[in-house]
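# I'll drop the sequence and a predicted model, then ask my questions.
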Amino acid sequence: MTLPQITLKKGKEEALLRFHPWIFSGAIHRIKGDPQEGDIVEVYNAQQQWMAIGYYQIGSITVRILSFIPIAIDTDFWLNKIQSAYNLRVTLGLAENTQNTTYRLIHGEGDNLPGLVIDVYGTTAVIQAHTVAIHKIRHTIASVLIQTVKGLENVYYKSEGTLPFKADVTPENNYLIGQETNCIAMEHGLRFHVDWLRGQKTGFFVDQRENRLLLEKYAKDRSVLNMFCYTGGFSFYALRGGAKLVHSVDSSAKAIELTNKNVALNFANENRHTAFAEDAFKFLEQAKGQYDLIILDPPAFAKHKNVLNNALQGYRKLNAKAFEQIKPNGILFTFSCSQVVSKEQFRLSVFSAAAQSGRKVRILHQLTQPADHPINIYHAEGEYLKGLVLYVE
Ligand code: SAH
């Protein structure tokens, strides 16, 4: 069967020669074979030389590349890719580890599978499809997962919020294999209820694992404020690290409920912890200098380039409040997960906030996303999480 063919405009193969996995609509000269959304297509340069194979999508990114060598995109292709990603997670000590059952198995372009995100929580994998091609292939992916991941029993598909809204498919959130209602996952020996049915993203923010572990080392005898706590991740590491007091804040009542549930799961009769369903900005305003370890892990302030300036102002304001409130010799863990905000831009916002407060500030650590969220070196867009650990005199 011949596949539909995409021919690029003259000179537009540059990005492909550098293994960038996206082809923008403006680079395309001709489309032969009437591909439908999600169909596999072959890509040729203007001289009709074969360049890559990928899948078609209507939109500004028209093709996402799956391979730069000619191979068939069949069940074996998915099996090999997912097996290779799994082997990496075993090498990283994240999979097949009794103290850690929570990890990202597939991180889109970072694992050379554009459009696909898979997180594993104990015996359940949660798939997110960001493109129609992944939606179409979801059942194959689910059965490949069961074959590949040791101990996996259930596959949940959660794509209502991630598929392009114009796509001609009905997004769904449902079990493709098995069923599980009460999942408890483990991260570095701490236990969490993960609610993929109602929770944000795939149910848990897996990407802060190593940063939470670092926080644990700084927590001893400190008064900790965990802002934007969601299910309480940072709070439990602080409690385990010997914090004097931990306050968790999130504007979502559901998140606070989950945080309290998770405290009970890990620490019996814990009286050092209190959770507040409040707005972070308001809470910080009234914090009255009682904390000497503050975590700021807000949602992405900018999802698109056109709101970048507002986002940078947002980071500046939020951090300025923390600098105003934090006790002398305090430690601030501050993050941005906005992909469109660069490391330098984020650091500049925090720098402005520090200068505004007049505090003496030293950078102790520069943080990023963990190894199970790898960045494809040819796809710089995959880098999104940045953090600074600051010592505030
Ligand atoms: N730190 C968390 C992840 C944070 S996700 C973890 O380790 O898992 C961002 C959280 O910010 C969400 O739970 C969302 O409900 C919360 N949020 C968004 N706007 C907020 C605001 N203005 N004040 C407080 N929380 C807010």
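Ah, there it is. Residues are numbered from 1 along each chain as shown.

# give me the domain ranges for this structure.
By the record's domain assignment, the chain is partitioned as 5-67, 75-188, 205-392 (automatic domain parsing).

# quick one: distance of the first one to the chain centre.
Which is domain 5-67. Averaged C-alpha coordinates place domain 5-67 at 27 Å from its chain's average position (C-alpha atoms, centre = their mean, to the nearest Å).

# and it, how far apart are its ends?
15 Å (C-alpha to C-alpha, to the nearest Å).

# same question for that domain, mean pLDDT?
Taken as a whole, domain 5-67 has an average pLDDT of 96.

# could you do the second one as well?
Domain 75-188 shows a mean pLDDT of 94 in the predicted model.

# re the thing from before, now the domains of the chain in a markdown table, with mean neighbour count and distance to the ligand?
Glycine gets a C-beta too; all of them are placed from N, C-alpha and C. Below are the domains of the chain laid out as a markdown table (neighbours: other C-beta atoms under 10 Å; distance: least, C-beta to the nearest ligand atom, whole Å):
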| stretch | mean neighbour count | distance to the ligand |
| --- | --- | --- |
| domain 5-67 | 17 | 26 |
| domain 75-188 | 19 | 10 |
| domain 205-392 | 19 | 3 |
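
# to W196, which of those lies closest?
domain 75-188 (4.7 Å; C-beta to C-beta).

# specify the residue positioned farthest from the middle of the protein.
Here the chain reaches farthest from its C-alpha mean at Q47, the gap being 39.1 Å by C-alpha atoms, centre = their mean.

# which element is the residue lying closest to V206 once chain neighbours are set aside on?
Spatial nearest neighbour of V206, chain neighbours left out: R104 (5.1 Å); criterion: C-beta to C-beta, 6 or more residues apart in numbering. Assigned by DSSP states H and E, R104 falls within strand 102-107.

# Q369 is in contact with the residue nearest to V206, correct?
No - between R104 and Q369 there is no contact under C-beta atoms under 8 Å: 9.2 Å.

# hey, what's in contact with both of these two?
D207 (C-beta atoms under 8 Å, 6 or more residues apart in numbering).

# give me the nearest residue to N319, chain neighbours excluded.
Distances taken as C-beta to C-beta, 6+ apart place A353 nearest to N319, at 3.7 Å, with adjacent residues excluded.

# what residues are up against that neighbour?
Contacts of A353 by C-beta under 8 Å, 6+ apart are Y315, R316, K317, L318, N319, A320, A322, F323.

# just Q345 next, same as before
L308, L312.

# pLDDT value on it, please?
96.

# how distant is the helix or strand hosting it from the center of its chain?
Assigned by DSSP H and E, Q345 belongs to helix 343-357. Mean-position distance between helix 343-357 and its chain equals 23 Å (C-alpha atoms, centre = their mean).

# for stretch 173-186, same thing?
Going by C-alpha atoms, centre = their mean, where stretch 173-186 is centred and where its chain is centred differ by 20 Å.

# can you give me the end-to-end span of it?
24 Å.

# can you offset everything so residue one is 223?
Got it, the first residue is 223 from now on, which makes the last one we talked about stretch 395-408.

# contacting residues around it?
320-324, 343-346, 349, 360-361, 364-365, 368, 375-382, 413-419, 426, 487.

# skip the chain neighbours and tell me the closest residue to the residue of the stretch 273-422 of the chain found nearest the ligand.
Of all residues in the stretch 273-422 of the chain, the one sitting closest to the ligand is Q422 (6.2 Å; C-beta to the nearest ligand atom). Using C-beta to C-beta, 6+ apart and skipping the chain neighbours, the partner closest in space to Q422 is Y452 (6.9 Å).

# helix, strand or coil for the one you found?
Classification of Y452 by DSSP: H, G, I helix; E, B strand; the rest coil places it in coil.

# list the contacts of it.
Contact analysis of Y452 by C-beta under 8 Å, 6+ apart lists Q422, F427, D472, S474, A477, L480, T481.

# dump these into TSV; add pLDDT as well.
Below are the contacts of Y452 laid out as TSV (pLDDT from 0 to 100):
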residue	pLDDT
Q422	79
F427	93
D472	97
S474	95
A477	94
L480	92
T481	95
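
# circling back: out of the contacts of A575, which sit inside helices?
Y537, R538, K539, L540, N541, A542, A544, F545 (DSSP state H).

# how much space between P292 and I478?
Here P292 is placed at a distance of 53 Å from I478 (C-beta to C-beta, to the nearest Å).

# wait, K543
K543 is 20 Å from I478, by C-beta to C-beta.
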